[in-house]
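Novice: Give me a 3D structure for the following:
(one chain, ligands or ions: 1)
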Amino acid sequence: MIVSRLTCRALTSHLCAGRGRLRVEMTRPSSDLAEFRKIFAKAQHIAIITGSGVSAESGVPTFRGEGGYWRKWQAQDLATPSAFSRSPSLVWEFYHYRREVMLSKKPNAAHIAIAECETRLSKQGRSVVVITQNIDELHRRAGSKNVLELHGSLFKTRCTMCGNVAVNTKSPICPALEGKGAPDPKAEDARISVENLPRCEQSGCNGLLRPNVVWFGETLDSDVLTAAEKELDMCDLCLVVGTSSIVYPAGMFAPQVAARGVPVAEFNMEDTPATMSFRFHFAGQCGSTLPPALERHETETI
Ligand SMILES: [Zn+2]
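Specialist: Down below sits the predicted model:
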């Protein structure tokens, strides 16, 4: 019985991903928190896939979708290798602005619930890993240690000459960008010469730095991807938080975990076609739904 249900769930997920019109009607996933908590209490390895919804609840702009503009552009216009080679100054202004914005943003209740859960469970010999597409480091700032950043980080740079990746939290990242990056559509481009943009500090290099984020059209870091796949193969509970389960990365990972028979719980504002392939769905702001789901269970003795 269980096997046939799981197979059917996997099939639904597959059909939804491939051809929506072939969708099979399924029972709705459960929103029974007590039932989720029973599974949570027994889980040894929990994988938590997070996306932009978690950051949005901290007021982090994504520059995507309706109204999501920096000057007259959206992220997909500037977060590309071709935009950077055409105008490194403009792209650096955009990222400088995004870095500076983060100084005023704080982890929210969802980030904190995840981080506290990791700290607590690690003392019990259990593991929690965050697999995120967010580049704002709010999970780390909340205290999460085991974080895989699929799309890199706003606060790391990579040298275009020697390839060195370095943590960089300077504000501003270089003197020429001070006061630049205003998002107003009428703001003038700073047109900073490449010599005055962030440069590599490795001895004898001085190459132009770029943000160490994965841009549109680029492939993911294979080491990070391999680590994420290993965690997803090992997990016995998977949470999908603040991301649509039809788009990457949850669209790629979570249905694969569900097909293996592992419970997947989605914490999202709304349903997605993949929702029906999951065991649980908790609708609403994840800052409200996640803390009671991850708080200490009565069976936890440490
Ligand atoms: Zn270098």
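Novice: By mean pLDDT, which helix or strand of this structure comes out lowest?
Specialist: helix 2-18 (a mean of 36; mean pLDDT, DSSP states H and E).
Novice: Check which element follows that helix along the chain.
Specialist: helix 33-42 (DSSP states H and E).
Novice: Could you check the angle the helix or strand following that following helix makes with helix 33-42?
Specialist: On the C-terminal side of helix 33-42, the nearest following helix or strand under DSSP H and E is strand 45-50. Counting by axes from the mean of the first three to the mean of the last three Cα atoms, to 10 degrees, strand 45-50 points 120 degrees away from the direction of helix 33-42.
Novice: who's in contact with strand 45-50?
Specialist: 40, 114, 117, 121, 126-134, 139, 231-232, 234-243, 249-250, 253-254, 257 (Cβ atoms under 8 Å, 6 or more residues apart in numbering). Where C-beta positions appear, they are placed from N, C-alpha and C, glycine not excepted.
Novice: If we use 6 Å, what do you get?
Specialist: 114, 127-132, 231-232, 234-242, 250, 253 (Cβ atoms under 6 Å, 6 or more residues apart in numbering).
Novice: Can you list the strands that that strand pairs with?
Specialist: Taking DSSP bridges as the criterion, strand 45-50 sits next to strand 127-132 (parallel), strand 237-241 (parallel) in its sheet.
Novice: I'd like the next helix or strand past it.
Specialist: With DSSP H and E setting the assignment, the helix or strand that follows strand 45-50 is helix 52-56.
Novice: Give me the distance between that following helix and the centre of its chain.
Specialist: With Cα atoms, centre = their mean, to the nearest Å as the basis, helix 52-56 stands 8 Å off its chain's centre.
Novice: ok, now stretch 129-146?
Specialist: 8 Å.
Novice: Quick one: end-to-end distance for it.
Specialist: End-to-end distance of stretch 129-146: 5 Å, with Cα to Cα, to the nearest Å as the criterion.
Novice: One more: stretch 136-146?
Specialist: End-to-end distance (Cα to Cα), stretch 136-146: 15 Å.
Novice: try stretch 241-256
Specialist: OK, stretch 241-256 end separation, Cα to Cα: 16 Å.
Novice: and what of stretch 208-222?
Specialist: 23 Å.
Novice: any idea of the mean pLDDT for it?
Specialist: Mean pLDDT, stretch 208-222: 95.
Novice: Where does G287 sit: helix, strand or coil?
Specialist: helix (DSSP: H, G, I helix; E, B strand; the rest coil).
Novice: hang on, it packs against K106?
Specialist: No. Using Cβ atoms under 6 Å, G287 is not in contact with K106, being 11.5 Å away.
Novice: neighbour count winner among those two?
Specialist: Counting neighbours by other Cβ atoms under 10 Å for G287 and for K106 shows that G287 has the greater number, 20 against 12.
Novice: Tell me, how many residues neighbour the closest residue to the more buried one other than its chain neighbours?
Specialist: Of all residues not flanking G287 in the chain, A109 sits nearest, at 4.0 Å (Cβ to Cβ, 6 or more residues apart in numbering). A total of 17 residues lie near A109 under the criterion other Cβ under 10 Å.
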